[in-house]
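[1] heads up, no residue letters with this:
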């Protein structure tokens, strides 16, 4: 049986009225709660996987004792190998990078990426690492930990309060600049010493690339890392290269000065 025109019009009217009612409810809800919804979506707490940075404040004397322990070097090596097993594989040509002074950080990162992007050359597997990690993107856990401890920032505290990423924190263990420097020097020394473990594992001398243009002879590179590299070079464990400019490319021999005897400035 067909519906009458009157019934059809009534049904349409009811549907339209229901639609307008639903739309009105949605509109009212957006006015009442829209601001809070938008704010929750735009805030870090509303983003999955994002957590607040929480600095840690260990005692500097205890940290220094940890880093000065010779056992820290094999521990750092184990961390590196877990990321990149080729560092512990016979035949791998490992490259270690060092930098000091402004402008050289980017140069070293470019070199590391260049070596790792074209890692297999002339039948040899090449892998490049630096003090931060096995490449420019995956830091060693020990590096991440020392960064979270904010040693240099803590050495600038005023009345026991340190500013970290714009937020004030009370430091329970005051830190001097000398202590912060000693901590980073100890970590850098252990990283340089890691070359001996790598060379033993791969059966090849480690190639060391240094961007130190403008570095001061009194800073960490020349006072610590360079001293380790010089001793390892004498044993045939490393081959050391110094960049002539910040644009030096690892595969262009003319861009480098070879050997610690050709160090760019007079080192202590």
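    In hand now; what should we look at? Fair warning: this is a prediction, and the values are worked out from it, not measured in the lab.
[2] Which positions in stretch 166-179 come out as buried?
    Residues of stretch 166-179 classed as buried by neighbour count (16 or more other Cβ atoms under 10 Å): 169, 171, 175, 179. Bear in mind the C-beta positions are built from the backbone N, C-alpha and C, glycine included.
[3] Among the residues you listed, list the two that are farthest apart in space.
    Comparing all pairs in those by Cβ to Cβ, the longest separation belongs to 169 and 179, at 17.4 Å.
[4] what's the span of stretch 208-221 from first residue to last?
    Stretch 208-221 has an end-to-end distance of 13 Å (Cα to Cα, to the nearest Å).
[5] err, stretch 243-262, not the other one
    Stretch 243-262 has an end-to-end distance of 11 Å (criterion: Cα to Cα).
[6] which stretches of the stretch 151-268 of the chain have low pLDDT?
    For the stretch 151-268 of the chain, the stretches with pLDDT under 70 are 266-268.
[7] need the strands for it, in chain order.
    Counting by DSSP state E, counting those that start in this stretch, the stretch 151-268 of the chain has these strands, from start to end: 161-164, 167-170, 206-211, 238-243, 256-258.
[8] All the helices of the stretch 1-150 of the chain, residue numbers only.
    For the stretch 1-150 of the chain, the helices defined by DSSP state H, counting those that start in this stretch occupy 5-42, 60-68, 72-83, 104-117, 141-148.
[9] just checking, what packs against the last one?
    What it means is helix 141-148. Helices and strands touching helix 141-148, by 3 or more Cβ pairs under 8 Å, 6 or more residues apart in numbering; DSSP states H and E, are helix 72-83, helix 177-202.
[10] What residues sit buried inside the shortest one?
    When neighbours are counted by 16+ other Cβ under 10 Å, the buried residues of helix 72-83 are found to be 72-73, 75-77, 79-81, 83.
[11] can I see the domain layout of this structure?
    Using automatic domain parsing, the domain parsing of the chain gives 5-46, 60-262.
[12] okay if I get the ones you listed as TSV plus distance to residue 53?
    Shown next, in TSV, are the domains of the chain (distance: least, Cβ to Cβ, whole Å):
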stretch	distance to residue 53
domain 5-46	10
domain 60-262	6
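[13] and those, which is most packed in?
    Each of the domains of the chain was scored by mean neighbour count; the highest is domain 60-262, a mean of 17, by mean count of other Cβ atoms under 10 Å.
[14] tell me how far that one is from the chain's mean position?
    When distances are taken as Cα atoms, centre = their mean, to the nearest Å, domain 60-262 is centred 11 Å away from the chain's centroid.
[15] From the opening residue of it to its closing one, how far?
    End-to-end span of domain 60-262 (Cα to Cα): 36 Å.
[16] now the helices and strands packed on helix 141-148 as TSV including distance to residue 124?
    Converted to TSV, the helices and strands packed on helix 141-148 look like this (distance: least, Cβ to Cβ, whole Å):
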stretch	distance to residue 124
helix 72-83	19
helix 177-202	10
